[in-house]
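Whatever this is, show me its structure:
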Amino acid sequence: MRTRRHALLRVTIGTVGLLVLAGTISTTARQAAPTRGVLRLATTTSTADTGLLAALLPDFERQCRCRVDVVAVGTGQALELGRRGDADVLLVHARDQEDAFVAAGSAARRDDVMYNDFVIIGPEQDPAGVARTTRAADALKAVAGAKAPFASRGDKSGTHTKELALWKTAGVTPAADQGWYLSVGQGMGETLTFANERGAYALADRATWLSMRARLGSLRLLLGGATLADNPDRDLRNDYGVMAVSSAKQPAMNAPLAAQFVEWLLSKPTQDRIGAFGIDRFGQRLFYPNSEEGKATRELRIQIGPVMRTLTLNDLKALRKVALADHEVVGVKRGSLGRITWAGASLADALMAVDRTIADPRHTGARVLITSSDGWTASMKWVELFGDVSAGERLYLAKGCNECHGADGEGSAPAGQRPAPMLANRAFDASATAALVRDKARHAGIYAYTPASLSDPDLAAMLAWLARPAAAPVRTGRNPASASDPTRVTLLAYERDGKPMAGRDGLIQLVVGSDEFASRYSHWVASITVR
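Numbering: from 1, shown residues only. The predicted structure follows:
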């Protein structure tokens, strides 16, 4: 146990100690019985190991005139503390388990707080050749093939849960009796220390690795790149969520203080501090703020060449109101995001409010770059807004192929996503391509494109455009926001299902009516640049 001013309790779990974990944590937590001035926070070890909590919590304690008692354990154990009423609020990172916690009524809701990413660490000599891979599943398969030592947290934490999912994707079932697979049963910091001593590979969150690497001289980062933006495997993103334990399930919990903590953690001032944490010491953020309150925007800056103007939410509402009814998109991680009716200003009208000449055909080759307040970016072609694109190109964009292969099939995969080959100006056999894109194991894309989601005729049209993208005829000069086809609408939405968006719903959201995937879909649009 290490004691800090927040009464931080570190619970580590050895292979023998698993049997007494429940009693140990329960007794310790109940010794600090809930009182009006005490908040019991159960959280993953990375928030403690990195020093984030030590940097943040004094501010909350001053504001609420309370004490925060922290138990830093794996996510699985933190959730169990919440189920038993031994914690008031949880800050964890295993999304499926968090969703199940909410579905069971143990919390009313779960909110995004921040994210970073996972990386694979290993010995300098890299006997398994992990540094030559670009996907975590391939890296783990290489480790297993080489029978190189691998240090697993083995503690049902969010990191351990992610590791097990990656082994499953790799088609490997590791076990302690295989000799090379070492289940440590400890937190992230202890696991990295163990890996350093044994010359083992390990999966780690980047924040803990950065905060400890000076003490881990035998290890180096082998897969994940220098920063989150350089990580070639998008499946390694690591999201953190916060949940106040349900007072209906646990009447003794400190519900008012838990609600105050959640509101404080998601607020813009705290989110800004999360985003700044680590930059001065490591040259990069250890955590990226991700709450909707922190990212919500009420105005956006539009720059078209030398012309720049800031439009407020009221400015957007003064433009012609356009609706997109019953719109559904599919997210890479979460599947369908639901059918929603959006209303707001068309993106085309907003651009023309800044520069009326933007609709002139002389701008045919221009690109529109949309940036959200958390740094997310999306790109649209001028012709998508003010002209026409061929059926094949429209399908290519609608199906999300641009997510990895680039807007023109140029193969310039966006930063942070796995490498994707150039497709433009190449001829593809339709049958072979159909077999590839419909096989998730062979096509490392965002979706397994079944015949229902991508028909043979649609695929043929897409391949025809890719073979000669520059030859596609373009008719310019019309604003699709006025077209009868709702899929021609691109919105800066400020209403959702007939209600104004605010706070946790965002305030200005990009919605591209033609897109079927959420690759160009975001809350909190902050700036738009045309070039």
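
show me where pLDDT drops low in the stretch 401-531 of the chain?
For the stretch 401-531 of the chain, the stretches flagged by pLDDT under 70 are 412-419, 446-447, 471-487, 503-506.

Find the least confident helix or strand in the chain, judged by mean pLDDT.
Within the chain, no helix or strand scores below helix 21-31, which has a mean of 40 by mean pLDDT, DSSP states H and E.

in its sheet, what does the helix or strand just after that one sit against?
Sequence-wise, the next helix or strand downstream of helix 21-31 (DSSP states H and E) is strand 38-43. In the sheet, strand 38-43 lines up against strand 67-72 (parallel), strand 89-92 (parallel) (DSSP bridges).

Save those strands as JSON lines, and put in mean neighbour count, mean pLDDT and distance to residue 162 too.
For every residue, glycine as well, the C-beta is placed using N, CA and C. Output for these, formatted as JSON lines (neighbours: other C-beta atoms under 10 Å; pLDDT from 0 to 100; distance: least, C-beta to C-beta, whole Å):
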{"stretch": "strand 67-72", "mean neighbour count": "22", "mean pLDDT": "96", "distance to residue 162": "18"}
{"stretch": "strand 89-92", "mean neighbour count": "27", "mean pLDDT": "98", "distance to residue 162": "12"}
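
Tell me the predicted confidence for residue 332.
Looking at residue 332, its pLDDT is 67.

what's the answer for the one 3 residues further on, then?
According to the prediction, residue 335 has pLDDT 77.

Got phi/psi on residue 404?
phi -110, psi -40 (degrees, to the nearest 10).

can you tell which of the strands paired with strand 38-43 is closest to residue 153?
strand 67-72 (13.2 Å; C-beta to C-beta).

And residue 75, how close does it get to residue 88?
Distance, residue 75 to residue 88, using C-beta to C-beta, to the nearest Å: 17 Å.

what's the closest residue to residue 347 other than its chain neighbours in contact with, if anything?
With sequence-adjacent residues excluded and distances taken as C-beta to C-beta, 6 or more residues apart in numbering, residue 347 is closest to residue 490, at 4.4 Å. Going by C-beta atoms under 8 Å, 6 or more residues apart in numbering, residue 490 touches 346-348, 380, 384-385, 480-481, 510-514.

Quick check on the residues you listed: which are buried?
Among the contacts of residue 490, the ones that count as buried by 16 or more other C-beta atoms under 10 Å are 346-348, 380, 384-385, 480-481, 510-514.

For residue 501, state which of those is nearest.
Nearest to residue 501, judged by C-beta to C-beta, of the buried ones among the contacts of residue 490 is residue 511 at 11.3 Å.

Run a quick neighbour tally on residue 501.
Neighbour count for residue 501, taken as other C-beta atoms under 10 Å: 22.

Just want the phi and psi numbers for residue 428.
For residue 428, the backbone dihedrals are phi -120, psi 140 (criterion: degrees, to the nearest 10).

Kindly tell me how buried residue 298 is, as a neighbour count.
By other C-beta under 10 Å, 13 other residues sit near residue 298.

residues contacting it?
Residues counted as contacts of residue 298 (C-beta under 8 Å, 6+ apart) are 312, 313, 507, 508.

what's the spacing between the residue nearest to residue 331 when sequence neighbours are not counted and residue 239?
If the residues on either side of it in the chain are set aside, residue 331 comes closest to residue 518, at 4.5 Å by C-beta to C-beta, 6+ apart. As judged by C-beta to C-beta, residue 518 and residue 239 stand 15 Å apart.

got it, and residue 153?
To residue 239, residue 153 is 18 Å away according to C-beta to C-beta.

Between the two, point out the one with more neighbours.
Applying other C-beta under 10 Å to residue 153 and residue 239 shows that residue 153 carries more neighbours, namely 28 against 19.

Give me the neighbour count for the residue lying closest to that one once chain neighbours are set aside.
Excluding the flanking residues, the one nearest residue 153 by C-beta to C-beta, 6+ apart is residue 160, at 4.4 Å. Residues lying near residue 160 (other C-beta under 10 Å) number 23.

Distance of the nearest residue to residue 146 once chain neighbours are set aside relative to residue 235?
Excluding the flanking residues, the one nearest residue 146 by C-beta to C-beta, 6+ apart is residue 128, at 4.0 Å. In this view, residue 128 and residue 235 are 19 Å apart by C-beta to C-beta.

Tell me which of these two has more neighbours.
Remark: of residue 128 and residue 235, residue 128 carries more neighbours, 26 against 18, as counted by other C-beta under 10 Å.

Hmm, residue 93 and residue 113 touching each other?
No - with contact defined as C-beta atoms under 8 Å, residue 113 does not count as touching residue 93 (9.1 Å).

quick one: common contacting residues for these two?
240, 241.

would CSV of the buried ones among the contacts of residue 490 with distance to residue 279 be doable?
Below are these laid out as CSV (distance: C-beta to C-beta, whole Å):
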residue, distance to residue 279
346, 37
347, 33
348, 37
380, 31
384, 36
385, 36
480, 41
481, 40
510, 28
511, 33
512, 33
513, 38
514, 38
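
Show me those residues that map onto strands.
Counting by DSSP state E, the part of these found in strands is 346, 380, 510, 511, 512.

can I see the domain layout of this structure?
Structural domains annotated on the chain: 9-113+239-292, 116-237, 297-388+474-531, 405-472, as defined by automatic domain parsing.

Switch the ones you listed over to CSV; also include distance to residue 399.
Shown next, in CSV, are these (distance: least, C-beta to C-beta, whole Å):
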stretch, distance to residue 399
domain 9-113+239-292, 25
domain 116-237, 17
domain 297-388+474-531, 6
domain 405-472, 6
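
These: which one's closest to residue 394?
Closest among the domains of the chain, using C-beta to C-beta: domain 297-388+474-531, at 6.2 Å.

My reading is that residue 217 lies in a helix. Confirm?
No - under DSSP: H, G, I helix; E, B strand; the rest coil, residue 217 sits outside any helix and is assigned coil.

Dihedrals phi and psi, it?
The phi/psi pair for residue 217 (degrees, to the nearest 10) is phi -70, psi -20.

and what of residue 493?
Dihedral angles for residue 493 - degrees, to the nearest 10 - are phi -80, psi 140.

Going by residue numbers, what spans are strands in the stretch 401-531 of the chain?
490-496, 499-500, 509-512, 521-522, 525-530 (DSSP state E, counting those that start in this stretch).

Partner strands of the last one and their direction?
Right, the one you point to is strand 525-530. Going by DSSP bridges, the partners of strand 525-530 are strand 299-304 (parallel), strand 367-372 (antiparallel).

what does the first one contact?
For strand 299-304, contacts defined as C-beta under 8 Å, 6+ apart pick out 308-313, 315, 350-351, 354-355, 358, 492, 508, 525-530.

Just the buried residues of the residues you listed.
Those of these that meet the buried threshold are 311, 313, 350-351, 354-355, 358, 492, 508, 525-530, by 16+ other C-beta under 10 Å.

and of those residues, the nearest to residue 222?
Checking the buried ones among the contacts of strand 299-304 against residue 222 by C-beta to C-beta gives residue 526 as the nearest, at 34.9 Å.

Make sure the closest one is actually in contact with residue 375.
No - contact criterion C-beta under 8 Å: residue 526 and residue 375 do not qualify, at 9.2 Å.

dump the residue contacts of the residue nearest to residue 146.
122, 139, 142, 143, 145, 146, 148, 201.
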